[in-house]
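Asks: sequence and predicted structure, then a few things I'm wondering about:
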Amino acid sequence: MRRATAPRVAGATVLGLAVAGLTACAGGPWSHSAPSWFTSREPLSPCTSVTVPPGGDGAVPADALACFAAGADRGAELTVGSYTTEGDLIVTYYRARPGITGIAVLIDGTRDSFGAREWTRELCPDATSPDDLGTCTDAG
């Protein structure tokens, strides 16, 4: 079982990509060969999508986390792009919605040339935010 890597909140410079509305679309701003369980997911209120530049410390801006927290009770999705040590893009979709406990984490690892090159989904029932996921389990 792979555990989702949670970004840390810090004052680092992070390139924010405002793509209002795109994360609610079937694929989101970075989707790549997405499985049907991803493309047919329930649309949720999108927060600003962000990408952490290569060599960054994994920080997600506080305003993006605040958006996610504010929308969690009615449904929200935060999209975070980050890079592996080798420079490959990994895109993580954090989803909170009524009817689930914690946070669902959908990970597009298809561009990770040193990884499994696959999509994964996990449920983190003890999560309090994307930067504090607790223990996650494979959601198939």
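Replies: Looks like it arrived, so ask away. Residues are numbered from 1 along each chain as shown.
Asks: can you show me the CA trace of the longest helix along the chain as PDB?
Replies: Secondary structure of the chain per DSSP state H: the longest helix is helix 62-71. Taking C-alpha atoms only, helix 62-71 is exported to PDB below (Å, rounded to 0.1, in the frame of the first residue of the first chain):
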ATOM      1  CA  ALA A  62      -2.200  28.700   3.000                       C
ATOM      2  CA  ASP A  63      -4.900  30.400   0.900                       C
ATOM      3  CA  ALA A  64      -5.400  27.200  -1.100                       C
ATOM      4  CA  LEU A  65      -5.600  25.100   2.100                       C
ATOM      5  CA  ALA A  66      -8.100  27.700   3.500                       C
ATOM      6  CA  CYS A  67     -10.300  27.400   0.400                       C
ATOM      7  CA  PHE A  68     -10.300  23.600   0.800                       C
ATOM      8  CA  ALA A  69     -11.200  23.800   4.500                       C
ATOM      9  CA  ALA A  70     -13.900  26.300   3.800                       C
ATOM     10  CA  GLY A  71     -15.600  24.200   1.200                       C
END
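Asks: just after it, pick out the following helix or strand.
Replies: Counting by DSSP states H and E, the element after helix 62-71 in chain order, helix or strand, is strand 76-83.
Asks: re earlier: so for the longest helix of the chain, what gets flagged as buried?
Replies: Buried residues in helix 62-71, counted by 16 or more other Cβ atoms under 10 Å: Ala64, Leu65, Cys67, Phe68, Ala69, Gly71. The way it works is simple: take the backbone N, C-alpha and C, and place the C-beta from them, glycine included.
Asks: ok, the first one - contacts?
Replies: This means Ala64. Gly16, Cys47, Thr48, Val50, Leu78, Val80 (Cβ atoms under 8 Å, 6 or more residues apart in numbering).
Asks: same question, the last one
Replies: By Cβ under 8 Å, 6+ apart, the contact set of Gly71 is Leu44, Ser45, Cys47, Ala96.
Asks: so what pLDDT did Thr48 get?
Replies: Thr48 carries a pLDDT score of 84 in this model.
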